[in-house]
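Trainee: kindly return the folded structure for what I paste below:
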Amino acid sequence: MLGLHNLKAKHKGIKAKRRVGRGNATGKGTYSTRGMKGQRSRSGGKSGLTARSMKSYLLRIPKVRGFNSLNKKFACVNVRELQTNFKDGATINARGLLKAGLIDTINNGIKILSLGEISKKFNVEADAFSEAAKVKIEKAGGKIVLVGKKSIKESLNKAKDKQDA
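Mentor: Predicted coordinates for the structure are as follows:
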């Protein structure tokens, strides 16, 4: 009876693995099919040859895509938004803008831009102002206060003023 226990493979089906470098009697001794000299005859020779071209080397390196600037971007608010969201004579600062929903975060600083018209008096505290926004706020009778990091020019001007006095 034919079963799994008495099955036999064909004689031609099994081919022994060639044993290389096991003496001259095997037919593959001495140089073991590697040849006499050269990089491929030595150990580690084949793996060293693959990194010949710069392109293949660059393709294997993992890339970090995109760009993250070290300079954070200001949260920008236009003058017309101040006009619509705040009462006359109000002091506008980072917390007030955040509470009004005009900005998402105060971590990167605030810049006031000049889009729109303004007729109310405001005391505006921000990290930066556009030149046109400064003119509009002061023309309406408001005041501008720079908060946070001050420019090098401003700190130099204040140092000169102290020396002159």
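
Trainee: can you tell me how far residue 71 sits from residue 96?
Mentor: Using C-beta to C-beta, to the nearest Å, we find residue 71 at a distance of 25 Å from residue 96. The C-beta positions use only the backbone N, C-alpha and C, and glycine is treated the same way.

Trainee: so for the two, which sits in the more crowded spot?
Mentor: residue 96 (16 against 6; other C-beta atoms under 10 Å).

Trainee: which ones are touching that one?
Mentor: The neighbourhood of residue 96, defined by C-beta atoms under 8 Å, 6 or more residues apart in numbering, consists of 86, 90.

Trainee: which pLDDT value belongs to it?
Mentor: We have a pLDDT of 93 for residue 96.

Trainee: surely it is within a strand?
Mentor: No - remark: residue 96 does not belong to a strand; assigned using DSSP: H, G, I helix; E, B strand; the rest coil, it is helix.

Trainee: distance check, it against residue 15.
Mentor: For residue 96, the distance to residue 15 - C-beta to C-beta - is 84 Å.

Trainee: pretty sure residue 85 is in contact with residue 98, am I right?
Mentor: No - assessed by C-beta atoms under 8 Å, residue 85 is found out of contact with residue 98, at 11.8 Å.

Trainee: helices and strands around the helix or strand harbouring residue 137, which ones?
Mentor: Assessed by DSSP states H and E, residue 137 sits inside helix 131-139. If contacts are counted by 3 or more C-beta pairs under 8 Å, 6 or more residues apart in numbering; DSSP states H and E, helix 131-139 sits against helix 79-85, strand 110-113, strand 143-146.

Trainee: avg pLDDT for the helix or strand following the second one?
Mentor: Elements were assigned by DSSP H and E; along the chain past strand 110-113, the next helix or strand is strand 123-126. For strand 123-126, the per-residue pLDDT values average out at 94.

Trainee: pull the residues that contact strand 123-126.
Mentor: Here strand 123-126 has contacts from 77, 82, 90-94, 109-112, 137, 142-147, using C-beta under 8 Å, 6+ apart.
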